[in-house]
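Trainee: need coordinates for the following:
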Amino acid sequence: MTTNINIRVGEELKRALQGYAKLENKTVSEVVLEAIKEKLENDYDYKLALLAYESVDMNDKTTLADMCAEAGIDYDAL
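Mentor: Just a heads-up that it's a prediction; the model follows:
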């Protein structure tokens, strides 16, 4: 199921969207929807990365070789 969302844009942005959509052989709706999805995915990934970074123990002295050994990967073969 889809629904409509109306947004107001200035004439310059409207022309830019229409021109880009024409170049991409897409509708303006497709272009806007793709841009919104990409923005949401990027923001979500960024926030997950921040959470991961904040959870890292900066005093942990584990090396890549240690992690490879724990995972059963031959570090020297990398």
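Trainee: could you pull out the helices for the protein?
Mentor: 11-24, 28-54, 64-71 (DSSP state H).
Trainee: output these as TSV; include the columns distance to Thr3 and mean pLDDT.
Mentor: For every residue, glycine as well, the C-beta is placed using N, CA and C. Supplementary listing: these in TSV, determined by distance: least, Cβ to Cβ, whole Å; pLDDT from 0 to 100:
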stretch	distance to Thr3	mean pLDDT
helix 11-24	20	98
helix 28-54	12	96
helix 64-71	46	94
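Trainee: could you dump those helices to a markdown table with distance to Leu78?
Mentor: Shown next, in a markdown table, are those (distance: least, Cβ to Cβ, whole Å):
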| stretch | distance to Leu78 |
| --- | --- |
| helix 11-24 | 41 |
| helix 28-54 | 22 |
| helix 64-71 | 7 |
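Trainee: among these, which is nearest Met1?
Mentor: helix 28-54 (14.7 Å; Cβ to Cβ).
Trainee: next, the angle from the closest one to helix 11-24.
Mentor: 100 degrees (axes from the mean of the first three to the mean of the last three Cα atoms, to 10 degrees).
Trainee: re earlier: reformat the helices of the chain as CSV; add mean neighbour count.
Mentor: Shown next, in CSV, are these (neighbours: other Cβ atoms under 10 Å):
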stretch, mean neighbour count
helix 11-24, 12
helix 28-54, 11
helix 64-71, 11
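Trainee: mind checking the ones you listed for the one nearest to Thr2?
Mentor: helix 28-54 (9.7 Å).
Trainee: what separation is there between the residue most central in space within the chain and Ala49?
Mentor: In the chain, the centroid-proximal residue (Cα atoms, centre = their mean) is Asn42; its distance is 2.5 Å. In this view, Asn42 and Ala49 are 11 Å apart by Cβ to Cβ, to the nearest Å.
Trainee: over to Leu17?
Mentor: From Leu17 to Ala49 the distance is 30 Å (Cβ to Cβ).
Trainee: measure the residue of the chain most remote from its centre to Leu64 for me?
Mentor: For the chain, the largest distance from the centre (Cα atoms, centre = their mean) belongs to Asp76, which lies 33.1 Å off. Separation of Asp76 from Leu64 (Cβ to Cβ): 12 Å.
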